[in-house]
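S.K.: Here's a sequence, model it:
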Amino acid sequence: MATISVVIPCYNEERCVEEMYSRLMAVLEQEPEYRYEIIFVDDFSRDHTRDKIEELCRKDKNVKAVFNARNFGFTRNVFQSMLYASGDAAFLLFGDLQDPPEMLPVFLRHWESGKKVIVGQRSKSEEGWVMRQARKMYYFLIDKMADTPQIALANGFGLYDRSFLDVLAQIEDVEPFFKTVVGEYGMDLAVVPYEHARSRRGKSNFNFWKNYDFAMQGLTSSTKLLMRLATFVGCLVGVACLLLSLFVLVNKLLNWDHYQVGDASLTIGIFFLGSMQLFFLGILGEYILSINRHIQRKPRAVVGRYINFEELPQTQQEPSYTAR
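M.R.: Predicted coordinates:
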C-alpha cells in the first residue's frame, strides 16, 4: 500500500490549522487504498499555530510536526519541508488554505497514470486586480527570459513522486528557488488548473519587500539574460554616444562661429548614462546576492523539535537540534 506524505509549511496559521486537518481527513477518507502522514512544518510562528499543531499530534499519530528553531524564511522552509516526506509521493500544501486540499484526488489520478510531478496552476484567484496584473507581467517576463521552461501562476502546490523528492535531496543549495527547481527537474509533468482562494489568515505574510525579494530570486535563479542585457545595452549606448559625438564635432567644424552645444542636452545625456549605470549595477548586485546565497555552506534550517517521528528524517542538511 502506497503512502502519501502531506507536507504543510506554516507561519502564523492559527486560524487555519484545524480546518486544514478536517478538510484533509475528509479527502483522505475517500482514498482508503493509501496510507498517509500529515507533516506540519512551522517556521517559528508568533501566534498559537504550534499549540494547535501539538493538539492535533496528540489526537492523531499520523500527524507529525517539525518546529524550526527560528524563522528561516518562506523559500528555505518550503524546500526543506519537502525533505521530511517519507512517503511514495508528497502532496505540498500551504498553511493559509489558499490552495484547496480537495485537489488531492485529482492529482492522485494523474500520478496513477504515470506522471511524476503534478503542479497546480491558478486559473482564477481572489487576489486584487493590481496584484493579479503584476503577477501576469512577472510570469510573462520569466517565460520570455528563463533558461528553462517555467510554470506560470504556480506556487508549488502539487503532488511530487518519490523520484523527484530524491532529486531534491541531492541539491545542497542553501536557498534554492523551488519553482525553478520544478521547472528544471520536473520530468513527466502535468499541470492542473484550480481556483486560488483568498488567504484564511486574513493579512498576508508577504509585504512589498518580501514580494520583491521573491520575484528577484525567481529572476536571478532562472535566467542570465538580465546580465547579458546590461552588456548589450552598454554597447548600444556607447555606439550612440560615439555617433552623437561625431555629429557634434562635424557641426562644430562646419559652423565654428555659430554652433553651440546646449547645456540641457549635455545634462540629459549625463543623467541618462548615470541612470543606466545605476540600474545595471543594481541588477549586478542582485546576481551577486544570489551567488552569495547559493555558495554558503550552512544548514537550510535548524529544527528545534520533532513530534511523532519514529525516526528522525535523514535530510541532506542535518539539523543541529533534534529534541522530540
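S.K.: Using CSV, list the CA coordinates for the helix or strand harbouring residue 181.
M.R.: Applying DSSP states H and E as the criterion places residue 181 in helix 178-185. Provided in CSV are the C-alpha atoms of helix 178-185 (Å, rounded to 0.1, in the frame of the first residue of the first chain):
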residue,chain,number,x,y,z
PHE,A,178,11.5,25.7,-5.6
LYS,A,179,9.6,26.8,-8.7
THR,A,180,12.8,27.0,-10.8
VAL,A,181,13.8,23.5,-9.5
VAL,A,182,10.4,22.1,-10.6
GLY,A,183,10.8,23.7,-14.0
GLU,A,184,14.3,22.2,-14.5
TYR,A,185,13.9,18.8,-12.9
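S.K.: Relative to residue 303, how far out is residue 183?
M.R.: As judged by CB to CB, to the nearest Å, residue 183 and residue 303 stand 28 Å apart. Where you see a C-beta, it was placed from the backbone N, CA and C, and this is true even at glycine.
S.K.: repeat for residue 158
M.R.: Distance of residue 158 to residue 303, given as CB to CB: 24 Å.
S.K.: who has more neighbours, these two?
M.R.: Neighbour tally, residue 158 and residue 303, criterion other CB atoms under 10 Å: the higher count belongs to residue 158, 27 against 22.
S.K.: Checking the residue lying closest to that one once chain neighbours are set aside next. Helix, strand or coil?
M.R.: Spatial nearest neighbour of residue 158, chain neighbours left out: residue 119 (4.1 Å); criterion: CB to CB, 6 or more residues apart in numbering. Classification of residue 119 by DSSP: H, G, I helix; E, B strand; the rest coil places it in strand.
S.K.: going forward can the numbers begin at 139, since that is how I track them
M.R.: Will do, 139 is the new start, and the previous item becomes residue 257.
S.K.: OK, contacts around residue 257?
M.R.: Residue 257 makes contact with 289, 292, 294, 295, 296, 320, 324, 327, 328, 329, 330, according to CB atoms under 8 Å, 6 or more residues apart in numbering.
S.K.: By neighbours, which of the residues you listed wins?
M.R.: Neighbour counts for those, by other CB under 10 Å, peak at residue 296, which reaches 27 neighbours.
S.K.: quick one: it and residue 231 touch, right?
M.R.: No - distance between residue 296 and residue 231: 9.4 Å, which falls outside the contact criterion (CB atoms under 8 Å).
S.K.: could you pull out the helices for the stretch 139-288 of the chain?
M.R.: 155-166, 187-197, 212-220, 242-250, 267-283 (DSSP state H, counting those that start in this stretch).
S.K.: how many neighbours does the closest residue to residue 180 other than its chain neighbours have?
M.R.: Leaving out its chain neighbours, the residue that sits closest to residue 180 by CB to CB, 6+ apart is residue 148, at 4.7 Å. If you count neighbours by other CB under 10 Å, residue 148 ends up with 29.
S.K.: Likewise for residue 437?
M.R.: Using other CB under 10 Å, residue 437 is surrounded by 17 other residues.
S.K.: How about residue 219?
M.R.: By other CB under 10 Å, neighbour count at residue 219 equals 24.
S.K.: got a list of what the closest residue to it other than its chain neighbours touches?
M.R.: Nearest residue to residue 219, sequence neighbours excluded (CB to CB, 6+ apart): residue 179, at 4.0 Å. Contacts for residue 179 were tallied using CB under 8 Å, 6+ apart; they are 145, 146, 147, 148, 203, 204, 206, 215, 218, 219, 222.
S.K.: Mind doing that once more with 10 Å?
M.R.: For residue 179, the contacting residues are 145-149, 191, 202-206, 215-216, 218-222, 233, 439, 441, by CB atoms under 10 Å, 6 or more residues apart in numbering.
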